[in-house]
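In: fold the following for me, if possible:
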Amino acid sequence: MASLFTSYFLPLVLVANIFNFQTSLCDISADEALIAGICRQVQDPPFCLTTFRQILAHPYVPEVVTRAAIAQSLQNANNNHAFIVAAKAAAKDKVTQDLYAICDVGYGLMITILQDAAQSLANKNYIALENDLSKCPRFVSDCQNALGSKTTPEMLDRSRKQFDLLIMSNVAEGLIKK
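Out: Here you go, the predicted model:
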């Protein structure tokens, strides 16, 4: 009797495992396609892919991807804001201090708006979320424009990454079924 059970049960377990493995491969392919589609729209696709792979676990769904992108953007904005405040304090001349003050205010506002965006997502208020996220890239470009020739290579890199994170958030938000 045990041999009869084993002869039927073992192939069923094997088929179930194969099906589960194939299904999980399909899910991973779909997940990778989701983030690849988002990352094709940024300036630095490898940065985007690496960021998503570090902060997400499968399965990737647009709402979770959006939440992760906003959180990463907010963390980056806080780090950039601290960098700007330190650069403003270290600036030797009043003109440079004033230029960094523009960035200080802009990044401060962007942090507040990203916090609002995270709350809008949590409340499933997609209109407010879209509105919040659409405002943020302007703060990055305003800072870059203000600094102009006084922009450092580190600030350029920080701005590029911030801009990409904002694009990632915007594109992921657009994928949410509303």
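In: residues near A86, how many?
Out: 11 (other CB atoms under 10 Å). In this view, the C-beta of every residue, glycine as well, is placed from N, C-alpha and C.
In: does it count as helix, strand or coil?
Out: Classification of A86 using DSSP: H, G, I helix; E, B strand; the rest coil returns helix.
In: ok, the residue nearest the centre of the chain - contacts?
Out: Geometric centre of the chain, nearest residue: A69, 2.2 Å, by CA atoms, centre = their mean. Each residue near A69 by CB atoms under 8 Å, 6 or more residues apart in numbering is listed here: 52, 165, 168-169, 172.
In: quickly check the residues you listed for the two that are furthest apart.
Out: F52 and S169 (11.5 Å; CB to CB).
In: those two: which is more packed in?
Out: With neighbours defined as other CB under 10 Å, F52 and S169 compare such that S169 has more, 30 against 23.
In: in this structure the more buried one contacts N76, no?
Out: No: the criterion here is CB atoms under 8 Å, and S169 misses it with N76 at 10.8 Å.
In: point out where the protein drops to low pLDDT.
Out: Residue ranges of the chain with pLDDT under 70: 1-27.
In: which parts of it are strands?
Out: In the chain, no segments count as strands under DSSP state E.
In: look up how far I102 lies from the residue nearest to the centre of the chain.
Out: 26 Å (CB to CB, to the nearest Å).
In: and if you look at T151?
Out: 12 Å.
In: same check on N123?
Out: Taking CB to CB, one finds N123 at 32 Å from I102.
In: same question, S120
Out: Counting by CB to CB - S120 and I102 are separated by 26 Å.
In: before we move on, what about S73?
Out: Distance from S73 to I102, by CB to CB: 20 Å.
In: cool, and F83?
Out: Taking CB to CB, one finds F83 at 15 Å from I102.
In: now P45
Out: P45 is 30 Å from I102, by CB to CB.
In: what sits against the residue nearest to L114 when sequence neighbours are not counted?
Out: Once flanking residues are discounted, L114 sits nearest to L74: 4.3 Å by CB to CB, 6 or more residues apart in numbering. Neighbouring residues of L74 by CB under 8 Å, 6+ apart: 111, 114-115, 118.
In: now swap in L175 and tell me
Out: 34, 38, 62, 65-66.
In: how about it, phi and psi?
Out: In terms of degrees, to the nearest 10, the main-chain angles of L175 are phi -90, psi -10.
In: pretty sure L109 contacts V140?
Out: No: counting by CB under 8 Å, L109 does not reach V140; the two are 11.4 Å apart.
In: just the buried members of the contacts of L175?
Out: 34, 38, 62, 65-66 (16 or more other CB atoms under 10 Å).
In: make CSV out of the residues you listed and add distance to L133.
Out: As requested, these are exported to CSV (distance: CB to CB, whole Å):
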residue, distance to L133
L34, 18
I38, 13
P62, 13
V65, 13
T66, 9
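In: right, I'll leave it there.
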